[in-house]
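# pasting the sequence and the predicted model now:
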Amino acid sequence: MTSAVLEEAVKKAALAWVSVGDGPALGVWCMPLDGSLIVVTGPGEQYAPGLAEASTATVRLRGDTGGLIVVAEMTVTRLTPGGDEWAEVAPQLAQKRLNASGTFDELVARWVADGCAIVRLTPSGEDTTAPELPADSGAAAPRETPARVETRRPFKLHRVRKP
């Protein structure tokens, strides 16, 4: 897998599936910035347990058609509130946050007050792989449900006239 595919996937990413250690891959919204992904997690924001404390994470990114195209190990760096990088990145991330109440400055202040973490996911350059896709569709047979059973139409004694 070339790094060009990874670079292009990172540039276009709005959603990434991130897993920490042996945990499940969780879908998180992200903001691409300078060849890395910026993610906010914490109280009142998206749920990504262990991401803020981790040193590496496995990130799965999709392509233009919506399918998985790359799986990469990325280095996790937590931004510290009040630092230069926080002051640069947090307002940009607040602008990308959909359906947030209040102004951008109020949102950034709430992230600091609630203890939310902003992390930078940077490709480490190692273990970039193309995903192994199954040969079959993976579709399961439909479950039995009363909604699928065809029932008889009700009997009408006489014809109903329309006015």
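On my side now, so go ahead. In this text, all values refer to a predicted model and were calculated from it rather than measured experimentally.
# going by neighbour count, which residues of the top helix by length along the chain are buried?
Scanning the chain for the helix with the most residues, using DSSP state H, yields helix 84-96. Residues of helix 84-96 classed as buried by neighbour count (16 or more other Cβ atoms under 10 Å): 86, 89-90, 93-94, 96. (C-beta placed from N, C-alpha, C; glycine too.)
# which secondary element of this structure has the worst mean pLDDT?
Here the helix or strand of the chain ranked lowest by mean pLDDT, DSSP states H and E is helix 3-12, holding a mean of 86.
# how far out from the middle of the chain is that one?
Taking Cα atoms, centre = their mean, to the nearest Å, one finds the center of helix 3-12 at 16 Å from the center of the full chain.
# wait, what's in contact with the residue nearest in space to the middle of the chain?
Centroid-nearest residue in the chain, with Cα atoms, centre = their mean: residue 28, separated by 2.4 Å. Counting by Cβ atoms under 8 Å, 6 or more residues apart in numbering, residue 28 makes contact with 15-18, 39, 41, 46, 48.
# which element is it on?
strand 26-29 (DSSP states H and E).
# now do the buried residues in that strand.
Within strand 26-29, the residues that count as buried by 16+ other Cβ under 10 Å are 26, 28-29.
# partner strands of the very next helix or strand once past that strand, parallel or antiparallel?
Downstream of strand 26-29, the next assigned helix or strand under DSSP H and E is strand 31-33. Note on strand 31-33: by DSSP bridges, its sheet partners are strand 36-41 (antiparallel).
# who touches the strand it pairs with?
Residues outside strand 36-41 that contact it (Cβ under 8 Å, 6+ apart): 10, 13, 16, 18, 28-32, 46-48, 51-52, 59, 74, 89, 92-93, 97, 111, 116-123.
# of those, keep whichever come out buried.
By 16+ other Cβ under 10 Å, the contacts of strand 36-41 give 10, 13, 16, 18, 28-32, 46, 48, 51-52, 59, 74, 89, 93, 111, 116-121, 123 as buried.
# no further queries at this time; thank you.
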